[in-house]
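*Asks:* okay, sequence plus prediction incoming.
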Amino acid sequence: MASKRSTVLIAAVSAASLVTAFTAGLEGQAPAAQPPAAAQSPLPTGRGGAPLYDSALDFSLTDQCGGRSPKPMEACENDVNRMVAALPDTAPATPKQPRRILVLGTSRGFQHSSIPLAAKMVEEMGKKTGAWTTDVTYHAGAINAETLKHYDAIFLSSTTGTFLDEPNPFNDPAIEAVTQARRKALLDFVRSGKGLVGIHAATDSYHGYPAGVARGGGAGGGRGTTPPPPCTSSQELGARAGGEPLWPEFNRMIGGYFKFHWNYPTPITVKIDDPDNPINAPFKGQPFNTIDEVYTFAWDSFSRDNVRVLTSVDYSTMSPCDKGLESNMRPDNDYALSWVRREGQGRVYVNVLGHHESIYYNNPPLLAHILAGIQYALGDLEAPDAPVPLKR
């Protein structure tokens, strides 16, 4: 293991084997265009000697900073400074033993610019409170049984799509075996008693449509050229909301999957569903207002029968226009924002907010809530986690 508290882990995969390489001293930097110098451990190479970096990293985008930049693992300095200033000074629980968290920032879908800021939040939160140390990776290959022996929790930083799967356009059995090994490693890790934390687009993972089946619309766009009437969705009503579960074990473990979002900056009032839960202690029982890109979940993927909801959207305060923008409305009008649940002997904490960078510095109690949720997942903060079904 590298000795630095925050280390970027770079892993590479060949068709027949899985290799994880730890590279120290690359904090906040994108991988070099060529393999490291001979004095360092060389990265495995593909055909023609090209480095095998994760295909989810897009180096063609050119905004000034964040995941949209030529350095997609580097958060904006101003965002980082504001985030660090807003972090809580102390953790709500004393760690039972030294803790280490692995942050995974890769994705196979939309790549959020806030991914590196969320990763930096975990790193700086652990430093400031002394509650854990952090390693960061942008390669799904780090999720393997051997590497995970060194960690107490995994933090999914807006992973999207089939984020653990190795691209396999020709259905190579050896590559499929790599994917299945990663999936098994994640499930075994959590179920054995470890923790899983997911923020925002961790819930926009492993759902979609079978090959050959046309999508009936998508968030933010539908078919045809005729715009929808004001305050109505551009999605086609009656479409199979959210698609099909592509990895049901993960979908259940994370608590549900995305079907629609209200675009940033949608104003919402957050209500505290479980005010006596210690994870919610920072809110002191008081609702609060915020803005973000707000997810809604496929009605048959998310249920309070499966999770214990901590916070949710106060739907009664949303405008009729905002309500009308959502297609395939949930019949229960239940829009959870954070929750916990047990998975085997392990613990899962999810926070759906986190699309925009401002979420990570505009509300200190929310950051303290995330800190408490992480400590719950680590096993250091005891909190009720039995599901509380929705009152009907």
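*Replies:* The structure has been received and is ready for your questions.
*Asks:* how far does stretch 315-334 sit from its chain's centre?
*Replies:* How far stretch 315-334 lies from its chain's middle: 24 Å, per Cα atoms, centre = their mean, to the nearest Å.
*Asks:* how long is it end to end?
*Replies:* 8 Å (Cα to Cα, to the nearest Å).
*Asks:* buried stuff in it?
*Replies:* 315, 318, 322, 324-328, 330, 334 (16 or more other Cβ atoms under 10 Å). Where you see a C-beta, it was placed from the backbone N, CA and C, and this is true even at glycine.
*Asks:* for residue 78, see how far away the residue nearest to residue 384 when sequence neighbours are not counted is.
*Replies:* Of all residues not flanking residue 384 in the chain, residue 277 sits nearest, at 5.9 Å (Cβ to Cβ, 6 or more residues apart in numbering). Per Cβ to Cβ, to the nearest Å, residue 277 is found 33 Å from residue 78.
*Asks:* comparing those two, which residue is more hemmed in?
*Replies:* Taking other Cβ atoms under 10 Å, residue 277 and residue 78 do not tie; residue 277 has more neighbours (21 against 11).
*Asks:* find me the pLDDT at residue 78, would you?
*Replies:* Per-residue confidence (pLDDT) for residue 78: 86.
*Asks:* where does it land in three-state SS?
*Replies:* At residue 78 the chain is in helix, as set by DSSP: H, G, I helix; E, B strand; the rest coil.
*Asks:* go on, residue 189?
*Replies:* helix.
*Asks:* ok, the nearest residue to it once chain neighbours are set aside - how many residues close by?
*Replies:* Using Cβ to Cβ, 6+ apart and skipping the chain neighbours, the partner closest in space to residue 189 is residue 148 (4.7 Å). When neighbours are defined as other Cβ under 10 Å, residue 148 has 20 of them.
*Asks:* quick one on the thing from earlier: the residue nearest to residue 384 against residue 310, yeah?
*Replies:* Yes. When contacts are counted by Cβ atoms under 8 Å, residue 277 is listed as touching residue 310 (6.1 Å).
*Asks:* next, residue 82: phi, psi?
*Replies:* With angles defined as degrees, to the nearest 10, residue 82 sits at phi -70, psi -40.
*Asks:* contacts only, for it.
*Replies:* Contacts here follow Cβ atoms under 8 Å, 6 or more residues apart in numbering; on that basis residue 82 touches residue 361.
*Asks:* any weak-confidence spans in the stretch 101-250 of the chain?
*Replies:* 210-228, 235-240 (pLDDT under 70).
*Asks:* re earlier: could I get the buried residues of stretch 315-334 as CSV with secondary structure and distance to residue 133?
*Replies:* Formatted as CSV, those follow (DSSP: H, G, I helix; E, B strand; the rest coil; distance: Cβ to Cβ, whole Å):
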residue, secondary structure, distance to residue 133
315, helix, 40
318, coil, 40
322, helix, 41
324, helix, 47
325, helix, 42
326, coil, 41
327, coil, 44
328, coil, 42
330, coil, 39
334, coil, 37
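*Asks:* distance to residue 367 and pLDDT added to the residues you listed, as TSV?
*Replies:* Rendered in TSV, the data for the buried residues of stretch 315-334 read as follows (distance: Cβ to Cβ, whole Å; pLDDT from 0 to 100):
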residue	distance to residue 367	pLDDT
315	25	96
318	24	95
322	26	92
324	32	90
325	29	90
326	28	89
327	32	80
328	32	83
330	28	88
334	25	95
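*Asks:* just the residues you listed now: which is nearest residue 357?
*Replies:* Nearest to residue 357 among the buried residues of stretch 315-334 is residue 322, at 22.3 Å by Cβ to Cβ.
*Asks:* pretty sure the closest one sits against residue 263.
*Replies:* No. Residue 322 lies out of contact with residue 263 (Cβ under 8 Å); the separation is 10.0 Å.
*Asks:* shared neighbours of these two, anything?
*Replies:* With Cβ under 8 Å, 6+ apart as the test, residue 322 and residue 263 reach no residue in common.
*Asks:* what about residue 264, distance to residue 325?
*Replies:* When residue 264 is compared with residue 325 (using Cβ to Cβ), they lie 13 Å apart.
*Asks:* let me redo that: residue 110
*Replies:* Taking Cβ to Cβ, one finds residue 110 at 19 Å from residue 325.
*Asks:* thanks a lot, catch you later.
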